[in-house]
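>>> just to be clear, the model below is a prediction. Sequence and coordinates:
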Amino acid sequence: MCGINGVIGERDQAQSREWISAMNQSMAHRGPDAQGEWIGTELSFGHRRLSIIDTSEAGNQPFFSADKQIIMVFNGEIYNYVELKHELEADYAFQTGSDTEVIIAAYLKWGIDAVHHFIGMWGFALWDNVKGIGYLVRDRMGVKPVYIGESSGNLFFASEIRSLLATGQFERRLNRDALVDYLRYQTVHAPSTIIDGIRMLPAGHYLRFSQGKFEEVEYWNAAKAASDGMHDSKETAHQKIAGLLHSSVEMRMRADVPFGAFLSGGIDSSVIVGLMANVSTHPVNTFSITFAEKQWDEGKYSDLVARRFNTEHHPIELRATDFLREVPDALLAMDHPSGDGPNTYVVSKVTRAKGVKMALSGLGGDEVFAGYQIFKQMKQMESNRWLGKTPRFLRNLSASALNALKPSVASEKIAAILNEDSVDFEHAYPFARRVLMDDKIAGLLAYTPIVLNAVSQIASRAANTNLPLLSKVSVAEMNTYMQNVLLRDADQMSMAHALEVRVPFLDHRLVEYVLSVPDQLKFPHTPKQLLTESVGDLIPREIIDRPKMGFTFPWPLWMKNELRSLCEENLSYLGSLDHFKPGAVEALWKEFIEGSTSVTWSRIWPLVVLGFWMKTHHIT
């Protein structure tokens, strides 16, 4: 796990060196073990290294092929590098034990189609000096970020937005359309970012460049990869899923440094730890955040799992006030604003402090195995298709009555769905994770936000596949909340502490198969039933039947007390910008302070974060 950057198309090598140096410096936290740069006449590469596999200097980057004709920088891990190396060693004389060199050998054999042979997570840039062609590539699931921007005839890329800004080649100007997206969903959906002129390379895509021309190509799509359907029996499906999970975890345990696992005591993390224990010949290191305040503590569940699998367990007790003190530093660690993230920051910090450089996480389990409430809600809506046949004027009346009788965020969403042209997945899903409704946004902004809804577009594409309904929801969740909130936050918050996080549930082989499973085998009668039945009696029944908790801190109380000055300072800054109507942000804050049921803390916190981020990075 590292940080990569580069410039394509420049000629002035002194200027290139200055840019690369600035980008490397800005992402020093991502790679404390080594840094490197290569300055060419057509392009230049920079790299910061966090060594996980082959920790010797031979694995430092930029990395050259044996004949010096291929050069690359790589962030991520190729988990099946051992198998690929055996397959390729007859054609390539390996000089190191790194997975980086395996990418080069695979490219020399298969060209860019080598990406189809990789199992892992990556953002890498490769230049073929013989053919005069290069590639900038992002992994299938979007675990690792790759940001791109064009300036002065050059294309810049980096693992972080801050690195691109550090070159001085990009105006620190807010993207107006992306602002609307952020207000709607507490994030900005790829390929857009909050900064005008900087975008993200979409997951499953590569950018090909040659002779000053660029072409973006999609090489993998979850819905298309799974669209053939599946006709296996229930027992066969369970066996295949168990095998894929075992393979995924086993490969992700390959490392030459101390590693462990996050263990919350929920189903997902417990399954990962159980599978690790089955693979490992030594006790697995597990890390849990526990709290003295019992209403937020999940320690009894993580302890239960740790005892079950005889792990070297490290419960790290924090008080709510300890967590609270970390919030400002977590905000400073954000490369891109998000309404989430402090939880991952704290877990990563305490895990890294224990000497661990890599940890496995249960992230993705809910998206792949239909664990969120939205899956059940969409299934129930499908069962109530008569709603869509009800005359629209009756639905409008019902929506108005609901808002009047029971004003709340939930009522606003239900009313909005009833007011749609159709009551179905495509039209209802975009409201599931809405933070602010469009009427609230119109009341905040100084301009009329006529912007296409990014989540509506993603839901529409998912709806128009031949996948089962629950798999359509999975595809939508993966391309919205998971990629643009959870994975982005996991990357920026873990790498703030130079900790690599691996996510076994997002192995593309597992994702492709589970998306093809019909709803009747997946419908969540119990939490993530397909997953728990596939792993048999691996985890205790108490974990399966326990209530879902997560980090449920008293944010409303904190924001009205301990965090009040931080909130008001940053909301005041945000409200002073030309994008917002005078007094509009302050009015929303006042509604929250006065206890409005339609302005909850989760509607205000993303605005606090945005104000903090814009002020910190001098965004105009």
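Noted; the coordinates are in hand.
>>> please count neighbours and contacts with C-alpha atoms only from this point.
OK.
>>> could I get the pLDDT score of the residue lying closest to Ile20 once chain neighbours are set aside?
Once flanking residues are discounted, Ile20 sits nearest to Gly46: 5.6 Å by C-alpha to C-alpha, 6 or more residues apart in numbering. Looking at Gly46, its pLDDT stands at 95.
>>> same question, the one 10 residues further on
With respect to pLDDT, Ser56 has a value of 69.
>>> same question, Lys522
Lys522 carries a pLDDT value of 89.
>>> and it, how many neighbours does it have?
Applying other C-alpha atoms under 10 Å, we find 20 residues neighbouring Lys522.
>>> what does Arg461 give?
Applying other C-alpha under 10 Å, we find 15 residues neighbouring Arg461.
>>> how about Gln69?
Counted with other C-alpha under 10 Å, the neighbours of Gln69 add up to 12.
>>> list the contacts for it?
Shown in contact with Gln69 (C-alpha atoms under 8 Å, 6 or more residues apart in numbering): Asp128, Asn129, Val130.
>>> domain parsing of the chain, as residue ranges.
2-220, 224-370+476-545, 554-620 (automatic domain parsing).
>>> can you put those in JSON lines and add distance to Lys376?
Listed next are the domains of the chain as JSON lines, based on distance: least, C-alpha to C-alpha, whole Å:
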{"stretch": "domain 2-220", "distance to Lys376": "21"}
{"stretch": "domain 224-370+476-545", "distance to Lys376": "7"}
{"stretch": "domain 554-620", "distance to Lys376": "23"}
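>>> quick one: closest of those to Arg434.
Evaluated over the domains of the chain, closeness to Arg434 peaks at domain 2-220, with 5.3 Å, by C-alpha to C-alpha.
>>> what's the end-to-end length of the closest one?
23 Å (C-alpha to C-alpha, to the nearest Å).
>>> ok, stretch 224-242 next?
23 Å.
>>> cool, and stretch 311-330?
29 Å.
>>> could you list the buried residues of it?
Thr311, His313, His314, Pro315, Leu318, Leu324, Val327, Ala330 (16 or more other C-alpha atoms under 10 Å).
>>> pull the number of nearby residues for the closest residue to Phe553 other than its chain neighbours.
Excluding its sequence neighbours, the residue lying closest to Phe553 (C-alpha to C-alpha, 6+ apart) is Trp296, at 6.8 Å. Neighbours of Trp296 under the rule other C-alpha under 10 Å: 17.
>>> try His189
His189: 25 surrounding residues under other C-alpha under 10 Å.
>>> do Ala353 as well
Ala353 has 11 nearby residues by other C-alpha under 10 Å.
>>> which neighbouring elements make contact with whatever helix or strand Lys472 lives in?
Assigned by DSSP states H and E, Lys472 belongs to helix 469-477. Other elements packing on helix 469-477 under the criterion 3 or more C-alpha pairs under 8 Å, 6 or more residues apart in numbering; DSSP states H and E are helix 222-225, helix 365-368, helix 373-383, helix 454-463, helix 519-522.
>>> buried sites along the very next helix or strand once past that helix?
Per DSSP H and E, helix 469-477 leads on to helix 488-495 as the next helix or strand towards the C-terminus. Within helix 488-495, the residues that qualify as buried are Arg488, Asp489, Ala490, Asp491, Gln492, Met493, Ser494, Met495, counting by 16+ other C-alpha under 10 Å.
>>> swap in stretch 593-610?
593, 598-601, 603-610.
>>> kindly report the same for stretch 111-131.
112, 115, 118-128.
>>> give me the sheet partners of the helix or strand hosting the residue nearest to Ile20 and which way each runs.
Using DSSP H and E, Gly46 sits in strand 43-49. In the sheet, strand 43-49 lines up against strand 2-8 (antiparallel), strand 34-39 (antiparallel) (DSSP bridges).
>>> good, wrapping up.
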